[in-house]
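S.K.: build me a structure from this.
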Amino acid sequence: MDIATTPPTERRKIALAAVKELGPQRTEKAITKVRCPKGHTLAAVYPTTAGKVIVSRSGPGGRGSRDREATPHNGTSLNSEFVDTLEATQFEDDAVPSGCACGPRTLSRKKIQDAVDTHEHVVTLT
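M.R.: Numbering: from 1, shown residues only. A predicted model of the protein is given here:
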């Protein structure tokens, strides 16, 4: 896929399809994980057929094992995921939306790319 000529919406569709190909055990295949200071996973980068793809949670998520997952009436999860290729065009915003039980956050695509390039497996935000 040529990142420079692919529109962002199409790029995200391709990235989502590539992440779905990884299957339900995709967490084991993560190259790099991003965590908040309390240890909640905010995002992960996966190697896929579409290149390196970042997946971040944009909902608050549960705080513990006894918390019930919030689901609307149609059965889908309220904790949606932001899925996109890690590489982006020069005109793309560097910010990646994310969040956990601690609250909403914004991650830097460039900093995550640097962590992947230096083979960091876990990045903890300060």
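
S.K.: any chance of the backbone angles for Glu28?
M.R.: phi -70, psi -20 (degrees, to the nearest 10).

S.K.: near it, how many other residues are there?
M.R.: When neighbours are counted by other Cβ atoms under 10 Å, Glu28 registers 7. Yep, even glycine has a C-beta here, placed from its N, CA and C like the rest.

S.K.: per-residue confidence at it?
M.R.: If you check Glu28, the pLDDT there is 91.

S.K.: distance-wise, check it relative to Thr126.
M.R.: To Thr126, Glu28 is 27 Å away according to Cβ to Cβ, to the nearest Å.

S.K.: do the same with Val19
M.R.: 28 Å.

S.K.: tell me which of those two has more neighbours.
M.R.: Legend: neighbour count by other Cβ under 10 Å for Val19 and Thr126, higher for Val19 (22 against 4).

S.K.: next secondary structure after the helix or strand hosting the more buried one?
M.R.: If you go by DSSP states H and E, Val19 is part of helix 8-21. Sequence-wise, the next helix or strand downstream of helix 8-21 (DSSP H and E) is strand 32-35.
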